[in-house]
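J.: just need the structure, nothing else, for what follows:
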Amino acid sequence: MFRKIIMVGVCLAALCTVVPAALAQDSNESTRATAQREDDTNLDTQLYLILATNREGEDGKIPAVLQPVVARLRETLGFKHFSLAASFLNRVKHNGRLEMTWVGGPLLAPSQSPMGNPSFNEFSARVRLDKDANGRQVIQMNEFRFGSRVPIVTAQATTTYASTNGPSAFPVISYQPVGLRTDISMSEDVPVIAGTLNVGPSGDAIIVVVSAKKAN
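T.: Numbering: from 1, shown residues only. Next up, the predicted model:
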């Protein structure tokens, strides 16, 4: 009888050792599987450039997804008119780095860039899925950087005889760099304002707006 009691105790001790180890192994495998799924996740990122101005004119067409953003801008900034200057859609892997450069049309008024000089732009960020303090899933854009070189008239037109057809007048154009760097955390598929950049002597501004969501 005493031997049976000892054998039962040994079996129970062995069971208590094996079960936690098995549970820990299952937990580790589940964690690795979750991490693997996150590593394979692709994210669609949307970058919007909104031009804000007090110059006479009408508001440009604003996509419905940006209407709440523009409503907030009207409340907080003193600009009369807002229009969408450009938008870009890109895909990046979870915890991947997105970089892009492009040549765009003039972002400013024709009076500030009368010859239609283009702007030179760049955007980069490391994009990842994460959890906030309440355990809700968020998308982070770390090392977010947007920069643009915009043409500005720095001197009025002067007469030159370079043309065979007679004198011509050309303004002096200078490219001025503007940009911002920041870290952003956002809810999925909700546009957020990354920053506001004042450009040009007339006080126009470029508002940088971003959003991101898991790709289908």
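J.: where does this structure dip in pLDDT?
T.: 1-38, 57-59, 106-115, 157-169, 200-201 (pLDDT under 70).
J.: where along it do the helices fall?
T.: 2-39, 67-76 (DSSP state H).
J.: what is the last one packed up against?
T.: Read it as helix 67-76. strand 42-53, strand 81-93, strand 192-199 (3 or more C-beta pairs under 8 Å, 6 or more residues apart in numbering; DSSP states H and E). Any C-beta I mention is one placed from the backbone N, CA and C, and that applies to glycine too.
J.: what's the angle between that helix and strand 192-199?
T.: Using axes from the mean of the first three to the mean of the last three C-alpha atoms, to 10 degrees, the direction of helix 67-76 lies 50 degrees away from that of strand 192-199.
J.: quick one: helix 67-76 to strand 81-93, angle?
T.: Per the same axes, to 10 degrees, the angle that helix 67-76 makes with strand 81-93 is 130 degrees.
J.: pull out the buried residues from helix 67-76.
T.: By neighbour count on 16 or more other C-beta atoms under 10 Å, the buried set for helix 67-76 is Val69, Val70, Leu73.
J.: tell me where the longest strand sits in this protein.
T.: Looking across the chain with DSSP state E, the single longest strand is strand 137-160.
J.: so what does it touch, helix or strand wise?
T.: Strand 137-160 packs on strand 42-53, strand 119-131, strand 168-186, strand 192-199, strand 204-214, going by 3+ C-beta pairs under 8 Å, 6+ apart.
J.: next up, the contacts around the closest residue in space to Ile139 that isn't next to it in sequence.
T.: Of all residues not flanking Ile139 in the chain, Ala212 sits nearest, at 4.5 Å (C-beta to C-beta, 6 or more residues apart in numbering). Contacts were defined as C-beta atoms under 8 Å, 6 or more residues apart in numbering; by that measure Ala212 touches Leu43, Asp44, Thr45, Gln46, Val127, Ile139, Met141, Met186, Glu188, Asp189.
J.: same thing but at 10 Å, please
T.: Shown in contact with Ala212 (C-beta atoms under 10 Å, 6 or more residues apart in numbering): 43-47, 90, 92, 98, 125, 127-129, 138-141, 184, 186-192.
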